[in-house]
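Asks: fold the following.
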Amino acid sequence: MRTLIKDIINKEGESVELKGWVNVRRDHGKLIFIDLRDRSGICQVVFLPFSAAYEAAKELRSEWVVRLVGKINRRPKGMENPAMGEAGNFEIQAEQLEILNKAETLPISIDTDGYEIGEDVRMKYRYLDLRRARLQKNIRKRSKVIKFIRYFLTEKDFIEIETPILGKSTPEGARDYLVPSRLHPGDFYALPQSPQQYKQLLMVAGFERYFQIARCFRDEDTRGDRQPEFTQLDLEMSFVNREDVMALNEELIIGLVKNIFPEKKIQEIPFPRITFKESMEKYGADRPDLRKDKNDNNLLAFVWVIDFPFFEKMENGNWTFSHNPFSAPKNDFIEDFKNENNIENILSTQYDIVLNGLEIGGGSIRNYKKELLEKTFNILGYKDLSQFNHMLQALEFGAPPHGGIAFGMDRLMAILLNEPNIRETIAFSKTGDGRDLMMETPSKISNEQLKELKIKIEE
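Replies: Numbering: from 1, shown residues only. Okay, here's the model as predicted:
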């Protein structure tokens, strides 16, 4: 039975079976050493002359995959390797060696942090890039964060519900990715920019507390630290006000940092609040960086930004929404909203959470009455509301007051892991212009596929 490297500390004097990769091989006179790596850690293995395993070990090279059996011995005092953790206090005296697979010389080095290697090359060989210790740590930490979030919200009586990936194209602030329908030629699905409408419909359905680790898609122009597909923590709650939503999410974030990133210090608890107007006047941005020491990588300055303008005027003189059209106005502005008066001064129930000068999440209390949502679309100048029929109709059947938030998990992880960009926290990331260099996508499709979809490409 296979033993993981992290467990050898409890098996001194025993013979165990290990499987993994050759991290490095060293010849010291007649002795051969390798550092063996598996998902749990690294340990040193020694091959003694004249043993059955010794001859096979002569041809070992880095990144070969091996199975070996050996006896666990404590290393002599002063010869321990603290870089290997507790496993560095032991070594394996090899008795058997089986080469499971050989490896060609790797096209990129994986024994460094990788920052010195061109990103295009790293992304082309991402399955190798992910072997480096830094990225292994990042992806494993991300998994722990997701696990913590699921446990926290489940304990708060939320249920996790998956919403559709193939949905309807509606205006939500960015271009949709469109998917042609073979069975309904000329019709298209859209990939979700967020689960916004579905999660509100779940509130109408009576689930009251929903969350999802959601995949989202936006067809944006080239942006350095954006991805065409990204991950949100998405949640929605019924019978709540702004304070309820903010309090729960503040508790979630504080618990997450304390349990998974104990080396981090949150500058101020409870998180401070600032209005959009105050932030723009004082900091010139709606994402203020409130850190008292910006050289401290472990300092986290959270701040809630509230009281955003509901509408913004475009260059053509028309109104657009500042965040999304489904937010509700603050109670003080309900009458102005209904009468389409004082539009430029109407404040929304939107709230953003900012960390170290970057927006990591945002949400609002929603427009849960049909007539108010219709008023939003009227102000925005929409003549045809048929694309929103499903939402407008749903609000006629006893929709409860509700609100929620969505966190950008990629950006949050990048900050918590002290990484320079979100691509370092995503297993298989894309370039800023949306290309996957490893899979060589986007790519052309065959004429036969185009014919099936009733699509013709114009030169």
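Asks: tell me where the protein has helices.
Replies: Along the chain, counting by DSSP state H, helices occupy 52-57, 119-124, 126-129, 133-155, 196-204, 242-260, 276-283, 334-339, 370-380, 389-394, 409-416, 447-452.
Asks: what does the last one contact?
Replies: Helix 447-452 is contacted from outside by 182, 456-457, using Cβ atoms under 8 Å, 6 or more residues apart in numbering. Using the backbone N, CA and C atoms, a C-beta is placed for each residue, glycine as well.
Asks: so what's the gap between that helix and the chain middle?
Replies: What separates the centre of helix 447-452 from the centre of its chain is 35 Å, taken as Cα atoms, centre = their mean, to the nearest Å.
Asks: I'd like the helices of the chain written out as JSON lines, with mean neighbour count and mean pLDDT added.
Replies: Output for these, formatted as JSON lines (neighbours: other Cβ atoms under 10 Å; pLDDT from 0 to 100):
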{"stretch": "helix 52-57", "mean neighbour count": "17", "mean pLDDT": "92"}
{"stretch": "helix 119-124", "mean neighbour count": "16", "mean pLDDT": "95"}
{"stretch": "helix 126-129", "mean neighbour count": "17", "mean pLDDT": "98"}
{"stretch": "helix 133-155", "mean neighbour count": "15", "mean pLDDT": "98"}
{"stretch": "helix 196-204", "mean neighbour count": "21", "mean pLDDT": "97"}
{"stretch": "helix 242-260", "mean neighbour count": "16", "mean pLDDT": "98"}
{"stretch": "helix 276-283", "mean neighbour count": "14", "mean pLDDT": "97"}
{"stretch": "helix 334-339", "mean neighbour count": "14", "mean pLDDT": "88"}
{"stretch": "helix 370-380", "mean neighbour count": "17", "mean pLDDT": "89"}
{"stretch": "helix 389-394", "mean neighbour count": "14", "mean pLDDT": "93"}
{"stretch": "helix 409-416", "mean neighbour count": "22", "mean pLDDT": "97"}
{"stretch": "helix 447-452", "mean neighbour count": "11", "mean pLDDT": "93"}
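Asks: out of these, which comes closest to Lys430?
Replies: Comparison of the helices of the chain against Lys430 by Cβ to Cβ identifies helix 119-124 as nearest, at 7.9 Å.
Asks: coming back round to it: of the contacts of helix 447-452, which is the most crowded?
Replies: When these are compared by neighbour count (other Cβ atoms under 10 Å), Arg182 ends up highest, at 11 neighbours.
Asks: which ones are touching Leu233?
Replies: 149, 211-214, 361, 406-407, 409.
Asks: beta partners of it?
Replies: Beta-bridge partners of Leu233, counted by DSSP bridges, are Ile213, Phe407.
Asks: which residues does stretch 418-428 contact?
Replies: Contacts of stretch 418-428 (Cβ under 8 Å, 6+ apart): 115, 119, 123, 126, 130, 134-135, 138-139, 142, 224-227, 230, 297, 410-411, 413-414, 417, 429-430, 436, 438.
Asks: in the protein, where is pLDDT below threshold?
Replies: Residues of the chain that meet the criterion pLDDT under 70 lie in 172-173, 222, 224.
Asks: nearest to Met314, of the helices of the chain?
Replies: It is, among the helices of the chain and with distance given as Cβ to Cβ, helix 370-380, at 10.2 Å.
Asks: that closest one - contacts with which helices or strands?
Replies: Packed against helix 370-380, as judged by 3 or more Cβ pairs under 8 Å, 6 or more residues apart in numbering; DSSP states H and E, are the following elements: strand 319-321, helix 334-339, helix 389-394.
Asks: okay, those in a markdown table with distance to Lys168 next?
Replies: As requested, the helices and strands packed on helix 370-380 are arranged in a markdown table below (distance: least, Cβ to Cβ, whole Å):
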| stretch | distance to Lys168 |
| --- | --- |
| strand 319-321 | 18 |
| helix 334-339 | 26 |
| helix 389-394 | 8 |
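Asks: what's the closest of those to Asn241?
Replies: That would be helix 334-339 among the helices and strands packed on helix 370-380, by Cβ to Cβ, at 14.4 Å.
Asks: which residue of the chain sits farthest from its center?
Replies: Centroid-distance maximum for the chain: Phe50 at 51.2 Å, with Cα atoms, centre = their mean.
Asks: quick one, which of the helices and strands packed on helix 370-380 is nearest to Ser15?
Replies: Closest among the helices and strands packed on helix 370-380, once you apply Cβ to Cβ, is helix 389-394, at 64.6 Å.
Asks: C-alpha coordinates for the closest one, PDB please?
Replies: Written as PDB, here are the backbone C-alpha positions of helix 389-394 (Å, rounded to 0.1, in the frame of the first residue of the first chain):
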ATOM      1  CA  ASN A 389     -40.400  39.000 -19.600                       C
ATOM      2  CA  HIS A 390     -39.200  36.100 -17.500                       C
ATOM      3  CA  MET A 391     -38.000  38.500 -14.700                       C
ATOM      4  CA  LEU A 392     -41.000  40.900 -14.900                       C
ATOM      5  CA  GLN A 393     -43.500  38.100 -14.800                       C
ATOM      6  CA  ALA A 394     -41.800  36.300 -11.900                       C
END
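Asks: chain center to that helix: distance?
Replies: Using Cα atoms, centre = their mean, the offset of helix 389-394 from its chain centre is 31 Å.
Asks: helices or strands up against it?
Replies: Against helix 389-394 (3+ Cβ pairs under 8 Å, 6+ apart) you get helix 196-204, helix 370-380.
Asks: run a quick neighbour tally on the nearest residue to Thr441 once chain neighbours are set aside.
Replies: Counting by Cβ to Cβ, 6 or more residues apart in numbering, Thr441 lies nearest to Arg435, which is 7.0 Å off, once chain neighbours are set aside. Other residues within reach of Arg435, judged by other Cβ under 10 Å, total 16.
Asks: could you dump the helices and strands packed on helix 389-394 to a markdown table with distance to Asn101?
Replies: What follows is these, written out as a markdown table (distance: least, Cβ to Cβ, whole Å):
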| stretch | distance to Asn101 |
| --- | --- |
| helix 196-204 | 44 |
| helix 370-380 | 59 |
